[in-house]
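**Student:** Output the structure for:
(chains A and B)
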Amino acid sequence: MITLNINNQDVQIDAPEDMPILWALRDVMHLTGTKFGCGMAQCGACTVHLDGQAIRSCLTPVTAAVGKKITTIEHMQNDKVGQAVQAAWSSVDVVQCGYCQSGQIMAATALLSSNQKPTDEEIDAAMSGNICRCGTYPRIRAAIHEAANKLA
Amino acid sequence: MNLPLNISRRTFIKATALAVGGLVIAFSIPNAKRFVLPGISDANAGEEGKKLPTPNAYLHIGTDNTITVMLAHSEMGQSIWTTLPMLIAEELDADWSKIKVVHAPAAPAYIHTAYGIQITGGSSTTWSEFDRYRQAGALTRALLVSAAAQQLGVAAESIKTENGFAISGDKKVSYGDLAEAAAKLETPKAVTLKEPKDWKIIGKATKRLDGPEKINGTAIFGQDIHFDGLMTAMVARSPVFGGSVKSFDASAAKKIKGVHQVVQVPTGVAVIADNYWAAKKGRDALKVEWNLGPNAGLDSKALLNEYRKMATTQGLTAAKAGDLKTAASKAKKTIEAEYVLPYLAHSPMEPLNCSVKITKDACEIWTGTQMQGTDQLAAAKILGLKPEQVKINTLFLGGGFGRRANPAADFVSEAVQVAKAAGVPVKTVWSREDDVKGGYYRPMYLHQVKVGVDAKGLPITWEHTAVGQSIILGTPFEAFLIKDGIDATSVEGVADSPYVKGTPNHLVSLHTPKTGVPILWWRSVGHSHSAFVMESLIDELAHAAGKDSLDYRRELLKDHPRHLAALNLAAEKAGWGKTLPKGVFRGIAVHESFGSFVTQVAEVSVDKGVVKVHRMVCAIDCGLAVNPDSLKAQMESSISFGLGAAMQSEITFKNGRVEQSNFHDYKVMRMADMPKVEVYIVQSAEKMGGVGEPGLPPVAPAVTNAIFAATGKRIRTLPIGDQLV
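**Tutor:** Numbering: from 1, shown residues only, chains lettered A, B, ... in the order given. Here you go, the predicted structure:
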């Protein structure tokens, strides 16, 4: 058994040590908001926060999270920056198929938590690890600026 | 607009009370009148299909005032989850905040009004459902008004409806309170639809109804299904298309903790485990010997050379006019060019998956699919069940782009085979590598074109040969999309092009090779290659004639007002002809597809061979724009999808194997490469077209035409890649 802290709760999970956090969340905890997209940290759909930093959960084993805090999309409504990002996502009507958006929101929240007024270039740099096949990029950019303005 | 319903001839509409209370409007087209695809009819259009209509409801009004809209189409990002309810809510005068949406099951009632099978594709949902969903709303309103008249003791004519209420003078009653009474009434014989001037919802930018759940992570995609006892499977498939299992050794796989079974299925060997991680480790440990079959030597470079050789011979005639030989001698100049476009994977963000639970006389499926019709038939056939014994639960699709509309029902059939062999409920999951390597690609195409022009530089002869696999061959769509050996989708955008048709002497010929590579429609189908060819070539002709490429198009398209409208609006908004920042150049392209007309203007710079797209200006004439904001989103989406493909994406083969595997080598658009996008809608009362695909075809040629303006180099092969470096 491994003890993880997920969304501010300690949970005991029965998972092998090499299991990526993604599958512990999805298949063991049934927290399915975090998505599987590529399995090799190429698309960002699996982005969660580990002690506030955006990480790709599909390649990070559960052992790397022991003693740290995992935060997922399910917790964003309780996070001040997460709330602003989600509100901006709604205001701009960003989503299309929606599959990548949990990861996009987690990446955007991590960005705005460390950089309160990102430029387009900084947004590009922070968000280019997150693929959206529907091409919601222009709206993501607009929503991040909107969230930044609301938080300022 | 007056569209009285002729219930007896055209449609069956029936109102019924549900056991749980409320009003259900069911609405279907009788089988006898319905267009049904050959090969589908025997299964879906039999006596069972005529038993109408429950539970084939389009609309349910609950006593709690909720209005549940059943979607006959799948939500895959295109916002149909919002657009179809808008149609019902408009006619119903519903309270928009009370609308709930669910995907319909696979059933005859939901067969596409034009395509004869339950499918979401061809950029067709909104126009094909425009009448059906509005009529369902209007009929429901009529019933509620009758019920209100009885309840309030007033004449029906005195009642107006607004925001979920029937109102007469100072009396008002909610739809929920009228639902049960309305369910007992006779359905009216005809309803009158609103005049466009009275629309309050149609034509207004409306926020997505699926937005909140896709923002907070609670939206359920196929991948997210879980119930007790559901196992996860991964399938080891042949590394070469058409290969088969020679033998396998599962001993190491079975030692992985969490692996329960290893079973052979027609497509390979499935490892069934507690979860994805165990299934993946099990599959990694599995040893399979393959019979590679006839495609073990497949090589895309060699294949392209074969195509090139083929193009020198006469193909089947797709379009012909005049006398090429005689006219050619009159040409002042001849422009010859060859264009090549690669195989492309759809790679939706959600890897393919399908959950299947089989019981003695039924099968239940959970998946994101664009084509419930064929999926249901395929599952029924495998299990020896009747189609109606197969229940399909459509979940949100994490992207489709055509990959989830497979007439061969590949990922559903395989998942059914896995669950059947395993004897337990199984979710079969594809990895990203499985998806990239798994086939059903946009086919590779080669076009060779020779155009003779007159003294003004206008085309007088157009000789065009296309070589590429047929998407339609071998599918149920063959009967009406293949004529005289010509797959209409192989030459769409060429054989019906206004440029070709406007050239007095022309010949479009087609070669349809068979290669062993499974192929499928990819966002915009044939237009995904034909528009690049046509709009690049027009640019070549304009330059050869020494004319501005916008003016040249205007001249050739002078009798095509919808092309012109899109062309002029985009050119105006882009500031065509006006000075650009130093080093930035423009390119333009216009193309008709799926009944809509789209122009893209690209602003591009090329620095040391590296192409940067700064801005795309798009204009579309699709007739009525039901939801202008989701239309704009689809244009943004098409630009991203088309640009990513044009710049970087290709699937290639060597020794029978696909050379790409994941997003590091099958490259797609990312944030940093996404230009600024502006979308403009032509105010149009013309026939409605689609919006999911038509934005894409002119993207690539607009960019390569701008590259020509910047560098003088003509890109004739996609992807652009590092051709200029």
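
**Student:** Identify the residue nearest the geometric centre of the chain.
**Tutor:** I'll assume chain A. In chain A, the C-alpha nearest the mean C-alpha coordinate belongs to A:Met106, at 2.6 Å (C-alpha atoms, centre = their mean).

**Student:** wrong one, chain B
**Tutor:** So for chain B, C-alpha atoms, centre = their mean, it's B:Gly121, sitting 3.8 Å from the centre.

**Student:** per-residue confidence at the closest residue to that one other than its chain neighbours?
**Tutor:** Excluding its sequence neighbours, the residue lying closest to B:Gly121 (C-beta to C-beta, 6 or more residues apart in numbering or on different chains) is B:Ala405, at 4.7 Å. Every C-beta, even on glycine, is put in place using the N, C-alpha and C of the backbone. B:Ala405 carries a pLDDT value of 97.

**Student:** roughly how far apart are B:Ala405 and A:Gln96?
**Tutor:** Taking C-beta to C-beta, to the nearest Å as the criterion, B:Ala405 is separated from A:Gln96 by 17 Å.

**Student:** and if you look at B:Met647?
**Tutor:** When C-beta to C-beta is the yardstick, B:Met647 and A:Gln96 sit 20 Å from each other.

**Student:** higher neighbour count, those two?
**Tutor:** When B:Met647 and A:Gln96 are compared on other C-beta atoms under 10 Å in any protein chain shown, the one with more neighbours turns out to be A:Gln96, at 28 against 19.

**Student:** Tell me the secondary structure at the more buried one.
**Tutor:** Taking DSSP: H, G, I helix; E, B strand; the rest coil as the rule, one finds A:Gln96 in the coil state.

**Student:** you'd agree B:Phe641 is in a helix?
**Tutor:** Yes - with the criterion set as three-state DSSP, the secondary structure at B:Phe641 is a helix.

**Student:** and it, what does it touch?
**Tutor:** When the contact criterion is C-beta atoms under 8 Å, 6 or more residues apart in numbering or on different chains, the partners of B:Phe641 are A:133-135, B:401, B:523, B:669, B:696.

**Student:** Tell me the one of those residues nearest B:Glu636?
**Tutor:** If you rank those by distance to B:Glu636 using C-beta to C-beta, A:Gly135 comes first, at 5.6 Å.

**Student:** now the strands for chain A?
**Tutor:** According to DSSP state E, chain A carries its strands in the segments A:2-6, A:9-13, A:47-50, A:53-56, A:69-71.

**Student:** These: which one's closest to B:Ile392?
**Tutor:** Go through the strands of chain A one by one with C-beta to C-beta and the one that ends up closest to B:Ile392 is strand A:47-50, at 31.3 Å.

**Student:** Just give the nearest non-adjacent residue to B:Ala331, would you?
**Tutor:** For B:Ala331, ignoring the flanking residues on the chain, the nearest one in space by C-beta to C-beta, 6+ apart is B:Gly452 at 2.8 Å.

**Student:** Torsion angles phi and psi at the one you found?
**Tutor:** As for B:Gly452, its main-chain torsions (degrees, to the nearest 10) stand at phi -100, psi 130.

**Student:** returning to that earlier point: can I assume the residue nearest to B:Gly121 sits in a strand?
**Tutor:** No - under the criterion used here (three-state DSSP), B:Ala405 is coil, not part of a strand.

**Student:** Now that it has come up, it's in contact with B:Thr120, right?
**Tutor:** Yes - using C-beta atoms under 8 Å, B:Ala405 is in contact with B:Thr120, at 6.8 Å.

**Student:** Find residues that contact each of these two.
**Tutor:** The contact sets of B:Ala405 and B:Thr120 overlap at B:370-371 (C-beta under 8 Å, 6+ apart).

**Student:** A:His49 reaches A:Lys68, doesn't it?
**Tutor:** No - using C-beta under 8 Å, A:His49 is not in contact with A:Lys68; the gap is 9.7 Å.

**Student:** sorry, back to before: output the strands of chain A in JSON lines, with mean pLDDT and mean neighbour count appended to each entry.
**Tutor:** Formatted as JSON lines, the strands of chain A follow (pLDDT from 0 to 100; neighbours: other C-beta atoms under 10 Å in any protein chain shown):
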{"stretch": "strand A:2-6", "mean pLDDT": "97", "mean neighbour count": "18"}
{"stretch": "strand A:9-13", "mean pLDDT": "97", "mean neighbour count": "11"}
{"stretch": "strand A:47-50", "mean pLDDT": "98", "mean neighbour count": "25"}
{"stretch": "strand A:53-56", "mean pLDDT": "98", "mean neighbour count": "20"}
{"stretch": "strand A:69-71", "mean pLDDT": "98", "mean neighbour count": "22"}
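
**Student:** B:Lys632: which of those strands is closest?
**Tutor:** Evaluated with C-beta to C-beta, these place strand A:47-50 nearest to B:Lys632, the distance being 26.7 Å.

**Student:** Any idea how many residues pack against residue 115?
**Tutor:** I'll assume chain A. Here the count is done by other C-beta under 10 Å, and A:Asn115 has 13 residues near it.

**Student:** that's the wrong chain, I wanted chain B
**Tutor:** By the other C-beta under 10 Å criterion, the neighbourhood of B:Tyr115 contains 19 residues.

**Student:** from what I can see it touches B:Gly122, true?
**Tutor:** Yes - with contacts defined as C-beta under 8 Å, B:Tyr115 counts as touching B:Gly122 at a distance of 6.8 Å.

**Student:** All the helices of the stretch 151-300 of chain B, residue numbers only.
**Tutor:** Secondary structure of the stretch 151-300 of chain B (DSSP state H, counting those that start in this stretch): helices at B:175-183, B:211-215, B:251-255, B:276-285, B:300-311.

**Student:** do the same with chain A
**Tutor:** Per DSSP state H, chain A has helices spanning A:21-23, A:80-92, A:101-114, A:120-127, A:137-151. These are given in chain order.

**Student:** mind checking which of the ones you listed is nearest B:Ser536?
**Tutor:** When these are compared for distance to B:Ser536 using C-beta to C-beta, the nearest one is helix A:137-151, at 25.7 Å.

**Student:** Give the buried residues for the closest one.
**Tutor:** Residues of helix A:137-151 classed as buried by neighbour count (16 or more other C-beta atoms under 10 Å in any protein chain shown): A:137-148, A:151.

**Student:** packing partners for it?
**Tutor:** Using 3 or more C-beta pairs under 8 Å, 6 or more residues apart in numbering or on different chains; DSSP states H and E as the contact criterion, the secondary-structure elements in contact with helix A:137-151 are helix A:80-92, helix A:101-114, helix A:120-127, helix B:628-647.

**Student:** Now the closest residue to A:Met127 other than its chain neighbours. Its backbone dihedrals?
**Tutor:** Nearest non-adjacent residue to A:Met127, counting by C-beta to C-beta, 6+ apart: B:Met671, 4.4 Å away. Geometry field for B:Met671 lists phi and psi as phi -50, psi -50, criterion degrees, to the nearest 10.

**Student:** show me what contacts B:Met671?
**Tutor:** With contact set as C-beta under 8 Å, 6+ apart, B:Met671 has these partners: A:123-124, A:127-128, A:130, A:137, A:140-141.

**Student:** roughly how far apart are it and A:Ile131?
**Tutor:** Counting by C-beta to C-beta - B:Met671 and A:Ile131 are separated by 9 Å.

**Student:** Which neighbours do the two have in common?
**Tutor:** Between them, B:Met671 and A:Ile131 share no contacting residue, judged by C-beta under 8 Å, 6+ apart.

**Student:** what sits against the closest residue to chain A within the stretch 351-500 of chain B?
**Tutor:** For the stretch 351-500 of chain B, the nearest residue to chain A under the criterion C-beta to the nearest C-beta is B:Gly398, separated by 3.1 Å. The contact partners of B:Gly398, taken as C-beta under 8 Å, 6+ apart, are A:35, A:97-100, B:221-223, B:348-350, B:368.

**Student:** Go through those residues and name the one nearest B:Leu292.
**Tutor:** For B:Leu292, the closest of the contacts of B:Gly398 turns out to be B:Pro348, at 28.1 Å, with distances computed as C-beta to C-beta.
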